Each structure stands twice: as C-alpha cells, then as structure tokens.
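Asker: Just the structure for this:
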Amino acid sequence: MQPHGDEDDRSFGTLMSLATALRVQAARTVLFQSAVAQSVGLNATDFNCLSLLDLEGPMTPGRLAERVGLSRGGAITAVIDHLQKAGFVHRRPDPLDRRRVIVEAVPEAFAERVETVFAEYRAALGKLLSGLTAEQQQLLLEITTKGNEIFHTETLRLLSREPVKSPKAPAAS
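Answerer: The predicted structure follows:
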C-alpha cells in the first residue's frame, strides 16, 4: 500500500524509521545481553535460562528447555549443571512429584553478580525516562508491554514450526 499525500508520506516515513529503530534496538539488546552474560562468566544460552528463572520463577528442566527452545535431556542438563556450578541456580525435589526436580535461581547470586552489571545501564535509562512526562512514560510502558507480548507470541509460533531448509548450493562445474 502506497501512501497518499504529504501527511501520509510523513507518517509512512515515520513508521519505516520506527521499524528500523526497533530492529536496531533488538540487535543491540541481544549484543548487550551477550556482553552481560560474558561479564558474569556465562554464555548467552546459560544467561537466557538464568534470566527466565529470575523473571518467571522456579520450573522443571523440561519447562525451562521448552521456554528457551532447547532439547530436553542433554542440552538443558548441561546448562543447568553450568549454572549450578557457577552458583546461580540450585535443584530441589518437586514437592508434587519426588521423581522430578525444580530448578530455581539463587536470588543472592543473581543480585550480587548480575544486577550490579546493569547498574550503569539502569542509571542512563532512568535519566532518559525521567525527562518524559507521566503520560509519555505510561504510553511507553503500554507499547513495551504489548510489544513484549508480540515477541513472546511470535517466538512460540516460530519455535513450533519446522525449520526452513537452506537451499542447496549449485554444484561446481
């Protein structure tokens, strides 16, 4: 659909610029998260698992694997072993089924080693947000919350699909 008129052109241009800015934000967020992970001695997958446990609370290894898109069994066990060895999580028996375990973050380790890494980021973001009106802050919160819901829905959709096969390269002659 092509824009019609000056106002439509400006609106279309703004939407395109916003879409690009959101892509840049997503890429920089991934890179920042990787840098945070590295600074606390973790890889990105381990850090994603730790973040989920901190944000969503204790869960079974199977649920954690499902949430981050890992296979159950060896892959998630290796992540949990690494996080446990680093002191970030511990396993405990599931009170409803003693055959299962629950993995939970160690809040003190997370606060001491991860939260401190975010201190400068939070200060800079706080300074930026404090320059907004209460209404602007509320709008930004609503957009961010709804955007996070879209990310979650799309992540689940993509994880439920079969991977797209790469096209075969033509044979060399």
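
Asker: For this structure, which segments are assigned as strands?
Answerer: 89-94, 97-105 (DSSP state E).

Asker: Same question for the longest one: list its buried residues.
Answerer: Neighbour counts over strand 97-105 (16 or more other C-beta atoms under 10 Å) mark V101, I102, V103, A105 as buried. Backbone N, C-alpha and C define where each C-beta goes, glycine included.

Asker: And for the shortest one?
Answerer: When neighbours are counted by 16+ other C-beta under 10 Å, the buried residues of strand 89-94 are found to be V89, H90.

Asker: picking that back up, could the strands of the chain be laid out in TSV, adding mean pLDDT and distance to A119?
Answerer: Shown next, in TSV, are the strands of the chain (pLDDT from 0 to 100; distance: least, C-beta to C-beta, whole Å):
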stretch	mean pLDDT	distance to A119
strand 89-94	96	22
strand 97-105	93	19
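
Asker: For I150, which of the ones you listed is the nearest?
Answerer: I150 lies closest to strand 97-105 among those, at 26.0 Å (C-beta to C-beta).

Asker: distance between that closest one and the chain's centre?
Answerer: Distance of strand 97-105 from its chain centroid, counting by C-alpha atoms, centre = their mean, to the nearest Å, is 23 Å.

Asker: quick thing: my sequence starts at 782, can you match it?
Answerer: Okay, residue one is now 782; in that scheme the one you just asked about reads as strand 878-886.

Asker: Would you reformat the buried residues of strand 878-886 as a markdown table and include distance to L851?
Answerer: Putting the buried residues of strand 878-886 into a markdown table (distance: C-beta to C-beta, whole Å) gives the following:
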| residue | distance to L851 |
| --- | --- |
| V882 | 16 |
| I883 | 17 |
| V884 | 13 |
| A886 | 17 |
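
Asker: And the residues you listed, which is closest to V849?
Answerer: Nearest member of these to V849, counting by C-beta to C-beta, is V884, at 12.0 Å.

Asker: Regarding this structure, what is its longest helix?
Answerer: Within the chain, and with DSSP state H defining each element, the longest helix by residue count is helix 786-820.
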